[in-house]
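this one's sequence-less:
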């Protein structure tokens, strides 16, 4: 677990970066605490994700794509289809955001 309280203080920021680096290298994942995102927002994201995956395949098909360059929201089911010798058939939805998209 990585505590983000005090992230605005340079010494804390350095400690947080080190903790994230260590957790990523040692465990491959980490949990953030005190990030300021209300639990209602997190619960809404989980609920929305579950509702999306529970839909009929025909409804999800609209979002199905391997195109990561032009699709801001996409659904896919084989993360490393062209890079791996084995298939990874878990379904997932991604939402991309960066400063290059215009609105």
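Ah, there it is. Since this is a predicted model, take the numbers as computed values, not measurements. Residues are numbered from 1 along each chain as shown.

all helices of the chain, in order?
10-26, 39-54, 57-60 (DSSP state H).

Of these, which is nearest residue 2?
Closest approach to residue 2 among those is made by helix 10-26 (4.7 Å; C-beta to C-beta). From N, CA and C alone the C-beta is placed, and that goes for glycine too.

Now that closest one: buried residues?
Buried residues in helix 10-26, defined by neighbour count with 16 or more other C-beta atoms under 10 Å: residue 16.

mean confidence for that helix?
Throughout helix 10-26, pLDDT has a mean value of 94.

With stretch 95-103 instead?
Stretch 95-103 shows a mean pLDDT of 56.

what would the helices of the chain look like in JSON lines with distance to residue 1?
Below are the helices of the chain laid out as JSON lines (distance: least, C-beta to C-beta, whole Å):
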{"stretch": "helix 10-26", "distance to residue 1": "8"}
{"stretch": "helix 39-54", "distance to residue 1": "15"}
{"stretch": "helix 57-60", "distance to residue 1": "33"}
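
what about these, which gets the closest to residue 72?
Closest to residue 72 of the helices of the chain is helix 39-54 (C-beta to C-beta; 15.1 Å).

Give the other helices and strands that the closest one contacts.
strand 92-95 (3 or more C-beta pairs under 8 Å, 6 or more residues apart in numbering; DSSP states H and E).

How far does the strand it packs on sit from its chain's centre?
Counting by C-alpha atoms, centre = their mean, to the nearest Å, strand 92-95 is centred 8 Å from the centre of its parent chain.

just checking, what packs against it?
When contacts are defined as 3+ C-beta pairs under 8 Å, 6+ apart, strand 92-95 sits against helix 39-54, strand 73-76.

Out of those, which is the most enclosed?
Here the criterion is mean neighbour count by mean count of other C-beta atoms under 10 Å, and of the helices and strands packed on strand 92-95 the winner is strand 73-76, at a mean of 16.

okay, residue 60: pLDDT?
We have a pLDDT of 85 for residue 60.
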